[in-house]
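In: Here's a sequence, model it:
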Amino acid sequence: MQNNLTIALVMFLSSLGPSLIIAVVGNAAIRALGRNPAAAPKIMVALMFAFLFAEGIAIIALIIIYNLFK
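Out: Below you'll find the model as predicted:
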């Protein structure tokens, strides 16, 4: 029981960081689009790259955690 709780807590913490990154980047992108709508293509490309890297970090963290507690 204790081991399952530890795994759940570590997985939660490892996915919390990338989730916060996605929230902050999304908020910044919306603010930037509000200030300068003409720059939408450049902002969206940067936004997608940030989302991809954050999700990649989350997936790698979850795979490492899975392998550690396997």
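In: Let me see the mean pLDDT of the longest helix seen in the chain.
Out: Ranked by residue count and defined by DSSP state H, the top helix of the chain is helix 2-35. Helix 2-35 shows a mean pLDDT of 89.
In: May I see the buried residues of that helix?
Out: Of the residues in helix 2-35, 10, 14, 15, 18, 21, 22, 25, 29, 32 count as buried by neighbour count, 16 or more other CB atoms under 10 Å. Heads up, the C-betas are built off the backbone N, CA and C, glycines and all.
In: And that helix, what does it pack against?
Out: helix 40-68 (3 or more CB pairs under 8 Å, 6 or more residues apart in numbering; DSSP states H and E).
In: Identify the residue nearest the residue sitting nearest the centre point of the chain in space, chain neighbours excluded?
Out: Nearest to the geometric centre of the chain sits residue 18, at 2.6 Å (CA atoms, centre = their mean). Nearest residue to residue 18, sequence neighbours excluded (CB to CB, 6 or more residues apart in numbering): residue 58, at 3.8 Å.
In: from what I can see that neighbour touches residue 15, true?
Out: Yes. Here residue 58 lies in contact with residue 15, judged by CB atoms under 8 Å, at a distance of 5.4 Å.
In: Could you pull up the residues touching the residue of the chain positioned farthest from its centre?
Out: Farthest-out residue of the chain from its mean C-alpha position, per CA atoms, centre = their mean: residue 1, at 28.5 Å. Residues near residue 1 by CB atoms under 8 Å, 6 or more residues apart in numbering: none.
In: State the distance from it to residue 49.
Out: 41 Å (CB to CB, to the nearest Å).
In: Tell me if I'm right that residue 39 and residue 29 touch.
Out: No. Residue 39 is not in contact with residue 29 according to CB under 8 Å; the separation is 10.4 Å.
In: and for the two, which residues touch both?
Out: What both residue 39 and residue 29 touch, as defined by CB under 8 Å, 6+ apart, is an empty set.
In: so residue 50 makes contact with residue 21?
Out: Yes. Residue 50 lies in contact with residue 21 (CB under 8 Å); the separation is 7.2 Å.
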